[in-house]
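Asker: I need the structure of the sequence given here:
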Amino acid sequence: MSVTLAENSAAITAPEHLRDIRTTTLPNGLLVLTERMPHLRSVSMGVWIDCGSRDELPEVNGISHFIEHMVFKGTTTRSAQQFAREVDAIGGNLDAFTGKETVCFNLKVLDENIAPALDLLTDLVLHPTFSPEDIAKEQGVILEEIKMDEDNPDYLVHELFTQNFWKGDALGRPILGTAKTVSSFTQQIVLSEYARRFTPPNMVFTAAGNLDHDTFVAQVEQAFSSLNASSATRIAHHNAPKAFPHITLKNKKSLEQVQFCLAVPAREVNHPDRYAAYLLNSILGGGMSSRLFQAIREERGLAYSIYSELNPFRDTGSLAVYAGCSRENTRAVLALTLAEFTRIKQEPVAPDELDRAKNQLKGNMVLGLESSGSRMSSLARQQMYFNRFFSVDEITAEVNAVTAEDLQRIANDLLHCDNMALTLLGNLGDLKLTRADLAC
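Answerer: Sure thing, here's the model as predicted:
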């Protein structure tokens with residue numbers, strides 16, 4: 001194996017409470033991270049692209065997702081059918097996804113099948129053919145996917161909110177793209193955008209499970225030898241977009257329910273207040289014991305689905321409440337939601353409620369790190385967003401350190417009427433709402 005450019009270790013013989021993480025930068029600049037989990041029989045590996053739909057120009061909106069689909073259509077050595085057969089032959093789970101800020105191709109296998117799995121994943125990512133015939137077929141597939149999502153009211157209200165909240169910014173544009181942009185993609189566009197993104201400065205290779213770091217790095221170096229060191233720099237990330245506190249009422253008479261989304265700007269993913277923000281979300285609408293679920297569904301029966309969601313990005317975020325209710329109940333659901341906003345701003349959270357939220361959050365985070373797949377994802381996200389790795393003990397200590405005063409402070413920072421965006425989708429009739437209706 002060639003001499004590596006850089007290597008760090010979180011200690012091969014780390015105490016049990018630390019994560020056994022090692023990093024190596026290959027001569028071509030590709031960063032490889034592994035986490036050894038010797039008690040497992042599986043290994044999950046993923047190639048991560050550190051850019052997503054928010055890093056696209058308007059005219060190629062949807063290209064990241066399109067490329068993610070296209071790499072599965074065959075390579076210089078395998079057809080799509082051969083890929084499917086070979087993945088099944090080693091009992092693997094092959095998957096991919098596109099987000100606002102990342103694209104990931106990942107494969108989970110038994111530890112005895114690391115070599116063939118790595119060969120498959122490498123071929124998929126590095127040697128796609130992007131034939132014009134396959135591009136034309138996939139355009140049809142994705143156009144149908146766009147139509148399918150537009151028929152889904154829960155998806156549609158999310159998109160309406162996002163497009164108007166970050167109006168004019170790539171963060172507000174749909175991951176899938178639009179019928180117009182997807183129809184315009186040519187082989188030249190696909191090849192150009194692929195070449196711009198799939199370079200060592202924009203890629204991270206992560207793996208977790210029962211594996212040996214040095215052996216795995218040697219295999220990755222050989223597999224990625226065709227990926228030349230690039231003079232290209234990392235794709236530039238733009239400044240945080242301005243959030244627009246809009247009120248959007250979209251009438252769709254075919255819907256039985258009104259889809260409801262009330263949101264405010266929130267903290268970025270690595271903000272010091274991130275755990276307080278997660279706890280605020282948990283208490284408001286993060287589960288069956290949350291205030292909104294209890295007040296709106298359990299006590300009054302005004303909605304079947306009611307929850308809040310925190311969406312942090314690298315430089316901004318949103319905290320949103322979603323519900324589906326009848327038109328007649330819409331004002332009541334809005335008023336009750338705003339009442340809970342007011343209460344959490346004015347009254348400190350009781351110790352038992354705070355402890356319950358902390359235990360819920362710690363449970364979700366820690367239990368979410370018990371599989372090789374989740375550890376593989378955690379490696380990539382912590383590298384890209386924090387440039388460091390957190391042990392379970394660190395995470396739990398950070399959560400435990402949040403106080404009722406912290407929650408009240410962040411609630412007062414975020415939950416302002418002037419910052420709120422409201423989106424309603426459904427058979428609205430003569431329903432009208434103004435900024436005055438959002439006071440809290």
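Asker: how much space between the residue nearest to Ala350 when sequence neighbours are not counted and Arg267?
Answerer: Excluding the flanking residues, the one nearest Ala350 by Cβ to Cβ, 6 or more residues apart in numbering is Ala404, at 7.9 Å. Yep, even glycine has a C-beta here, placed from its N, CA and C like the rest. Here Ala404 is placed at a distance of 18 Å from Arg267 (Cβ to Cβ, to the nearest Å).
Asker: so where does Ile344 fall, helix or strand?
Answerer: Assigned by DSSP states H and E, Ile344 belongs to helix 330-346.
Asker: what's the answer for Ala263, then?
Answerer: Using DSSP H and E, the element containing Ala263 is strand 258-265.
Asker: remind me what the helix or strand just after that strand packs against, helices and strands.
Answerer: As assigned by DSSP H and E, the chain's next helix or strand after strand 258-265 is helix 274-285. For helix 274-285, the packing partners by 3 or more Cβ pairs under 8 Å, 6 or more residues apart in numbering; DSSP states H and E come out as helix 291-292, strand 305-312, strand 317-325, helix 330-346, helix 351-367, helix 392-401, helix 404-414.
Asker: neighbours around the residue nearest to Gln259 when sequence neighbours are not counted, how many?
Answerer: Spatially, and ignoring its direct neighbours in sequence, Gln259 is nearest to Val157 (3.8 Å; Cβ to Cβ, 6+ apart). Look at Val157: counted by other Cβ atoms under 10 Å, it has 25 neighbours.
Asker: now the helix or strand in which Val157 is found: buried residues?
Answerer: Secondary structure assigned from DSSP H and E places Val157 in helix 153-165. Buried positions in helix 153-165, judged by neighbour count with 16 or more other Cβ atoms under 10 Å: 153, 156-165.
Asker: and the lowest mean pLDDT element among the helices and strands of this structure?
Answerer: In the chain, no helix or strand scores lower on mean pLDDT, DSSP states H and E than strand 6-9, which sits at a mean of 42.
Asker: what ranges in the protein fall below the confidence cut-off?
Answerer: 1-17, 230-232 (pLDDT under 70).
Asker: how does it look with 90?
Answerer: Along the chain, the model assigns pLDDT under 90 to residues 1-19, 150, 225-240, 287, 364-370, 390-392, 440.
Asker: next up, the contacts around the residue at minimal distance from the centre of it.
Answerer: Central residue of the chain (Cα atoms, centre = their mean): Gly99, 5.5 Å from the mean position. By Cβ atoms under 8 Å, 6 or more residues apart in numbering, the residues touching Gly99 are 52-53, 175.
Asker: related to what we said a few turns ago, ok, residues contacting the helix holding Val157?
Answerer: So helix 153-165 is in contact with 149-150, 171-174, 243-244, 246, 248, 250, 252, 255, 257, 259-261, 263, 318, 320, 322, 324, 421, 423-426, going by Cβ under 8 Å, 6+ apart.
Asker: quick one: that helix to strand 305-312, angle?
Answerer: Orientation check (axes from the mean of the first three to the mean of the last three Cα atoms, to 10 degrees): helix 153-165 against strand 305-312 gives 40 degrees.
Asker: quick one: contacts of the following helix or strand past helix 153-165?
Answerer: Next helix or strand after helix 153-165 toward the C-terminus (DSSP H and E): helix 179-183. Residues outside helix 179-183 that contact it (Cβ under 8 Å, 6+ apart): 58-63, 66, 139, 142-143, 146, 176.
Asker: swap the cut-off to 7 Å and go again
Answerer: Helix 179-183 has contacts (Cβ atoms under 7 Å, 6 or more residues apart in numbering) with 59-62, 66, 139, 142-143, 146.
Asker: and the next helix or strand after that helix, what other elements does it pack with?
Answerer: The element immediately downstream of helix 179-183 (helix or strand, assigned by DSSP H and E) is helix 187-197. In this structure, helix 187-197 packs against helix 63-70, helix 132-150, with contacts taken as 3 or more Cβ pairs under 7 Å, 6 or more residues apart in numbering; DSSP states H and E.
Asker: rebuild those as JSON lines, extending it with distance to Arg409 and mean neighbour count.
Answerer: As requested, the helices and strands packed on helix 187-197 are arranged in JSON lines below (distance: least, Cβ to Cβ, whole Å; neighbours: other Cβ atoms under 10 Å):
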{"stretch": "helix 63-70", "distance to Arg409": "37", "mean neighbour count": "23"}
{"stretch": "helix 132-150", "distance to Arg409": "38", "mean neighbour count": "14"}
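Asker: got JSON lines for the helices and strands packed on helix 274-285, with distance to Gly74 and mean neighbour count too?
Answerer: Listed next are the helices and strands packed on helix 274-285 as JSON lines, based on distance: least, Cβ to Cβ, whole Å; neighbours: other Cβ under 10 Å:
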{"stretch": "helix 291-292", "distance to Gly74": "47", "mean neighbour count": "22"}
{"stretch": "strand 305-312", "distance to Gly74": "35", "mean neighbour count": "19"}
{"stretch": "strand 317-325", "distance to Gly74": "38", "mean neighbour count": "23"}
{"stretch": "helix 330-346", "distance to Gly74": "49", "mean neighbour count": "18"}
{"stretch": "helix 351-367", "distance to Gly74": "38", "mean neighbour count": "15"}
{"stretch": "helix 392-401", "distance to Gly74": "41", "mean neighbour count": "14"}
{"stretch": "helix 404-414", "distance to Gly74": "47", "mean neighbour count": "18"}
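Asker: how about a markdown table for the contacts of helix 179-183, with distance to Val220 added?
Answerer: Shown next, in a markdown table, are the contacts of helix 179-183 (distance: Cβ to Cβ, whole Å):
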| residue | distance to Val220 |
| --- | --- |
| Glu59 | 35 |
| Val60 | 30 |
| Asn61 | 32 |
| Gly62 | 30 |
| Phe66 | 26 |
| Gln139 | 33 |
| Ile142 | 31 |
| Leu143 | 36 |
| Ile146 | 36 |
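Asker: specify which member of those residues is nearest to Cys440.
Answerer: Asn61 (34.5 Å; Cβ to Cβ).
Asker: burial count for that closest one?
Answerer: There are 22 residues near Asn61, going by other Cβ under 10 Å.
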